[in-house]
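> missing the sequence, but the structure's below:
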């Protein structure tokens, strides 16, 4: 069972790495956008492996579908189908910086508690209360919904307002006829 | 993509299932994974698929842009309204326990309503984004005429 999980994880991570490398090497924006869609789909699959199905839903719908469509629309509006050319004077510096940063991050991960460790500090603050008492308080089996909608109702209201505001911003930018008529 | 028969038929088969799945994610969020955000983006994705395959004019006959502008605000208002209703019925802002006779029923009602508000706003904003991008050229040429 663990062997299968490892196999799935490494296959997905391998594909993820291959997609990322291809994105960094492509010089056509259209190809990059489509590859980003594949990258999101692989990330969504990884979320499923991590049992975060709701995050996977969002990643699959937003990352793979909606943002790809919006990026393609932006490409067709700007008409920038020209090739992107990378002119790095000294690629050695970039390689050294990336390897140094990667090594630093790996060292940082070593200090973190083990994945899903019930005794890690993050899981000892309010999480035990939510897990033990939420069914009695709210009567809903899905703790994630209880936390998001009830215990942290303020935060979720803020998130909805952020989405609403972002939407208004884009609508105002792209359909701003009132501003154009003045000049 | 007016003449792609294969895409038309595939989309016609897929879209109803995507929309029903979005509603399932919305209203089953209390018991399974999901909720307003997930349902909103899935519903929006289903509509965007329709818009890509059948063209923006067909999409705007189904959902006019003005409608999504209004509903995107309605979702936020519904959410805040539930919060204010909590104050009016003697509790704190966004305290759902006072919304019904017993605390559990109130929580159920409150969560159902605010998730609906989230779903409405997220769906509307996603559709509004798509329609604003799709209509940009048109509105641009109107002003230069």
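Nice, thanks for sending it over. All of these numbers come straight from a predicted model, not from anything done at the bench. Numbering: from 1, shown residues only, chains lettered A, B, ... in the order given.
> got the contact list for residue B:87?
Residue B:87 sits next to residue B:93 when contact means Cβ atoms under 8 Å, 6 or more residues apart in numbering or on different chains. Where you see a C-beta, it was placed from the backbone N, CA and C, and this is true even at glycine.
> just residue B:91 next, same as before
The neighbours of residue B:91, taking Cβ under 8 Å, 6+ apart as the test, are B:97-98.
> what's the least confident helix or strand in chain A, going by average pLDDT?
Lowest by mean pLDDT, DSSP states H and E among the helices and strands of chain A is helix A:177-182, with a mean of 51.
> which sections of chain A are below the confidence cut-off?
Low-confidence segments of chain A, defined by pLDDT under 70: A:79-88, A:176-183.
> Leaving out the residues flanking it, which one is nearest to the most centrally placed residue in it?
Nearest to the mean C-alpha position of chain A, by Cα atoms, centre = their mean, lies residue A:59 at 6.5 Å. With Cβ to Cβ, 6 or more residues apart in numbering or on different chains as the criterion, residue A:59 has its nearest non-adjacent residue at 4.1 Å, and that residue is residue A:44.
> ok, the one you found touching residue A:60?
Yes - assessed by Cβ atoms under 8 Å, residue A:44 is found in contact with residue A:60 at 4.1 Å.
> Going along the chain, name the helices of chain A.
Counting by DSSP state H, chain A has helices at residues A:2-25, A:29-49, A:53-58, A:67-78, A:91-111, A:127-138, A:143-145, A:153-174, A:177-182.
> okay, the ones you listed in CSV with mean neighbour count next?
CSV is the format used below for the helices of chain A (neighbours: other Cβ atoms under 10 Å in any protein chain shown):
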stretch, mean neighbour count
helix A:2-25, 12
helix A:29-49, 18
helix A:53-58, 20
helix A:67-78, 16
helix A:91-111, 9
helix A:127-138, 15
helix A:143-145, 19
helix A:153-174, 16
helix A:177-182, 9
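> Compare those and report which one is nearest to residue B:67.
Closest of the helices of chain A to residue B:67 is helix A:153-174, at 13.0 Å (criterion: Cβ to Cβ).
> So stretch A:116-129, near chain B or not?
No - under the criterion of Cβ under 8 Å from any Cβ of the partner chain, stretch A:116-129 makes no contact with chain B; the nearest approach is 15.8 Å.
> how distant is that stretch from the center of its chain?
Distance, stretch centre to chain centre, for stretch A:116-129: 24 Å (Cα atoms, centre = their mean, to the nearest Å).
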